[in-house]
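J.: Would you be able to build a 3D model of this:
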Amino acid sequence: MSDTKALSIIVTKGTLDWAYPPFVLATTAAGMDLKVTLFFTFYGIGLLKKDLDLKITTLGNAAMEMPMMGMHMVMPNLMGALPGVDGMATAMMKSMIKKKGVASIEELRDAAVEMGVRMIACQMTMDLFEYSKDDLIDGIEVAGAATYIECATQSGINLFV
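T.: Predicted structure coming up:
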């Protein structure tokens, strides 16, 4: 029987822009007294590393618009192929985040830990990318897909990010 007051999220992406949705949703849900589990797999597992150096890529992100000069400038996909564009986009995004007072990923991640969000690092991904538990922040559980499936079958809300 699923618990409608539980949320599980599979986290698969590890870029700066993709790091926000799972942590914002997890901390919001935890603040609303939901039981929350995040399952980090493939590139999402990088969000659990002790030292984060998150970047943005413009390639394949056709919807990317940045507020500039009083309007929203679309970043053409072709621009992403030019050297330095990803670094420039990352610097611009980090500047906007700071200027607008948006919490950093580290702050959101710390809040998730403090709020009791269960964070699971995928064992297969750990093995595949040769990570050890020492590479990750404290309090992370390492488990396989069966552990996530068990959690998901008991959650009223399941998301894939």
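J.: how about low-confidence regions in this structure?
T.: 1-3, 59-69, 71-82 (pLDDT under 70).
J.: ok, which stretches of it are helices?
T.: 16-31, 85-99, 105-114, 123-128, 145-153 (DSSP state H).
J.: ok now do residue 15, which residues does it touch?
T.: For residue 15, the contact set (C-beta atoms under 8 Å, 6 or more residues apart in numbering) comprises 43, 54-57. (Glycine included, C-beta is placed from N, CA and C.)
J.: Also residue 35?
T.: 3, 5-7, 118, 155.
J.: With distance to residue 160 added, can I get the helices of the chain in TSV?
T.: Output for those, formatted as TSV (distance: least, C-beta to C-beta, whole Å):
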stretch	distance to residue 160
helix 16-31	10
helix 85-99	23
helix 105-114	18
helix 123-128	15
helix 145-153	10
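J.: Let me know which of these is tucked in deepest.
T.: Per-stretch averages of neighbours, counted by mean count of other C-beta atoms under 10 Å, single out helix 16-31 among these, with a mean of 20.
J.: Could you pull up the residues touching the one residue sitting closest to the centre of the chain?
T.: By C-alpha atoms, centre = their mean, the mean C-alpha position of the chain lies nearest to residue 19, the distance being 2.7 Å. Contacts for residue 19 were tallied using C-beta under 8 Å, 6+ apart; they are 13, 47, 54, 105.
J.: if we go to 7 Å?
T.: By C-beta atoms under 7 Å, 6 or more residues apart in numbering, the contact set of residue 19 is 47, 54, 105.
J.: can I get these in JSON lines with distance to residue 37?
T.: Shown next, in JSON lines, are the contacts of residue 19 (distance: C-beta to C-beta, whole Å):
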{"residue": "47", "distance to residue 37": "15"}
{"residue": "54", "distance to residue 37": "22"}
{"residue": "105", "distance to residue 37": "19"}
